[in-house]
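K.L.:
I'd like to go over a predicted model; first the sequence, then the structure.
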Amino acid sequence: MIEPKFRVLHTMVRVKDLDKSIDFYTRLLGMKLLRRLEYPDGKFTIAFVGYGPEETHAVLELTHNWEQETAYELGNGYGHIALGVRNIYDVCKELAANGAKIPRPAGPMKHGTTVLAFVEDPDGYRIELIDLDTLS
């Protein structure tokens, strides 16, 4: 197989509370903290989380600007991060039991058979959960 010329490396989101965000993505969504880098001169920290090594997997970069005191505006151009799961109804119950906000409960998508849900991270970024067993 020919290696593609480009590869998705990461998606970056700015977060207000880095530790809270790392906990959400690792404890609740099962990602691993891959690395964390401090930049004192720039007054920011970045953490990379994901399901596999950066050399072979796209990951999330969580950026924390130390002096950010207010919540970020999510903007109207941002869509969502999508994660594939199995047993989506059970996953959503577990997330809700752990305090996660689920603005769109698990169920079939309009005009299709794929079952999906949306969960929000601590900063309000939406993560779409797609049941891999119903993906069409």
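P.N.:
Perfect, thanks for sending it. Residues are numbered from 1 along each chain as shown.
K.L.:
Can you name the helix or strand that residue 110 falls in?
P.N.:
Using DSSP states H and E, residue 110 is not contained in any helix or strand.
K.L.:
From the structure, what's the count of residues near it?
P.N.:
5 (other CB atoms under 10 Å). Where C-beta positions appear, they are placed from N, C-alpha and C, glycine not excepted.
K.L.:
and what of the one 5 residues further on?
P.N.:
Other residues within reach of residue 115, judged by other CB under 10 Å, total 19.
K.L.:
So it sits against residue 104, correct?
P.N.:
No. With contact defined as CB atoms under 8 Å, residue 115 does not reach residue 104; the gap is 11.3 Å.
K.L.:
Mind listing the shared neighbours of the two?
P.N.:
Between them, residue 115 and residue 104 share no contacting residue under CB atoms under 8 Å, 6 or more residues apart in numbering.
K.L.:
how about stretch 17-31: buried residues?
P.N.:
For stretch 17-31, burial by neighbour count (16 or more other CB atoms under 10 Å) applies to 18, 21, 22, 24, 25, 28, 29, 31.
K.L.:
Distance check, residue 106 against residue 122.
P.N.:
Using CB to CB, to the nearest Å, residue 106 is found at 21 Å from residue 122.
K.L.:
Residue 38 now?
P.N.:
The value you get for residue 38 to residue 122, if CB to CB is used, is 20 Å.
K.L.:
These two - which one has more neighbours?
P.N.:
residue 122 (20 against 13).
K.L.:
Touching, residue 43 and residue 64? I think so.
P.N.:
No. Applying CB under 8 Å, one finds residue 43 not in contact with residue 64, separated by 9.7 Å.
K.L.:
so what's residue 34 up against?
P.N.:
Counted by CB under 8 Å, 6+ apart, residue 34 has contacts 48, 49, 50, 53, 54, 59.
K.L.:
Count the neighbours of residue 69 for me.
P.N.:
So residue 69, with other CB under 10 Å, has 7 neighbours.
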